[in-house]
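*Asks:* The following comprises the amino acid sequence and a computationally predicted model.
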Amino acid sequence: MSRTPHVLLLGGHGKVSLLLTPKILARAWNLTSVIRNPAQEPALVEAGKNGPGKINALVESLEDVKSVSDAGRILDTVKPDWVVWSAGAGGHGGPDRTYAIDRDACIHFIRASVSRPSITKFLLVSALSIRRNRAPWWDEDSYATVQKVNNEMMPHYYKAKLAADEALTILGEERIRSQPEGPTSPNFGYIILRPGNLSDKEETDKISLGKTKARGAVSRGDVAEVAVRLLEKEGIKGWFDLLEGDEGVASAVERVVKEGVDSIEGESLDAMREDLEKQI
């Protein structure tokens, strides 16, 4: 795009978001970061102190986003070009709060975003284990472990995140198919970044990206770096699994984009579409 992009970051005080903030601003992009408590603003100021992009804090509770119009009000206030969702209940408040934020509020923002032609990218931070089916490159033992995590250890988180991931996939595809062709019509890009277990280790610049193992860890700093490098790319879409590994971040991102690697392989768009139609 010709003008400086304005990014809306939902969940601005999260650990990944605070690492993502200086990376966004270092590219001279402007940022509005949504936080739920004014007391969190100094952390944003500190994270964004070196610019050169401009940062603005917006105090809003994502838990209060009960409809597409609620999400649309925030979008119309901020007027972003790109939206990044890196928010969640974080296991606090029980299943109802998890569904209210990780599923419902997220899907409201997805619906509101794809309906606005001025918004051309939506990046959703999800998790590696969030899928219905065994990835074709996973072995059965690994998949059994994933199923145990999803269905026994974190069933509400799994269901909430799956619904959001699939909503962005289906609605993103519909937006892409419906947009007019031509050089003046920017392509819509949707990015579902799916890291493994998050660690607070130092950023390594060594990752495995695309079709990864079923289980493993990755530093939050590396997640933030991959996210901002994917945002730099135009017109990309898909699921991107992420773990620590041996490939440099820059070369890994270039590879998956050039080769069209998409970790959605093995999933059913028809099943996603059917469930989305049942959503609120």
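*Replies:* Sure thing, it's come through.
*Asks:* quick one: contacts of the lengthiest helix in the chain?
*Replies:* As assigned by DSSP state H, the longest helix anywhere in the chain is helix 155-178. Helix 155-178 has contacts (Cβ atoms under 8 Å, 6 or more residues apart in numbering) with 85, 91, 95, 98-99, 102-103, 106-107, 110-111, 114, 122, 124, 126-127, 129-132, 149-151, 187-188, 190, 192, 237, 239, 264, 269, 272-273, 275-276, 279. C-beta: built from backbone N, CA, C; applies to glycine.
*Asks:* Please repeat the previous calculation with a cut-off of 6 Å.
*Replies:* By Cβ atoms under 6 Å, 6 or more residues apart in numbering, the residues outside helix 155-178 that reach it are 95, 98-99, 102-103, 106-107, 110, 114, 124, 126, 130, 150, 188, 190, 192, 272-273, 276.
*Asks:* Buried ones only from those residues, please, as a ChimeraX command.
*Replies:* Per 16 or more other Cβ atoms under 10 Å, the buried members of these correspond to this ChimeraX selection:
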select :98,99,102,103,106,107,110,114,124,126,130,150,188,190,192,272,276
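*Asks:* Any idea how many residues pack against the residue lying closest to E232 once chain neighbours are set aside?
*Replies:* Spatially, and ignoring its direct neighbours in sequence, E232 is nearest to R27 (7.4 Å; Cβ to Cβ, 6 or more residues apart in numbering). Neighbours of R27 under the rule other Cβ atoms under 10 Å: 16.
*Asks:* what's near enough to touch V34?
*Replies:* 10, 12, 58, 60.
*Asks:* could you flag which of the residues you listed are buried?
*Replies:* 10, 12, 58, 60.
*Asks:* circling back to that earlier point, gap between the residue nearest to E232 and V261?
*Replies:* To V261, R27 is 24 Å away according to Cβ to Cβ, to the nearest Å.
*Asks:* Look up the closest residue to R116, ignoring the ones flanking it.
*Replies:* Spatial nearest neighbour of R116, chain neighbours left out: L75 (6.3 Å); criterion: Cβ to Cβ, 6+ apart.
*Asks:* Could you tell me what pLDDT the model assigned to that neighbour?
*Replies:* Per-residue confidence (pLDDT) for L75: 98.
*Asks:* Tell me the helix or strand right after whichever strand or helix holds it.
*Replies:* Element membership for L75, per DSSP states H and E: helix 68-78. Once the chain leaves helix 68-78, the next helix or strand it forms, by DSSP H and E, is strand 82-85.
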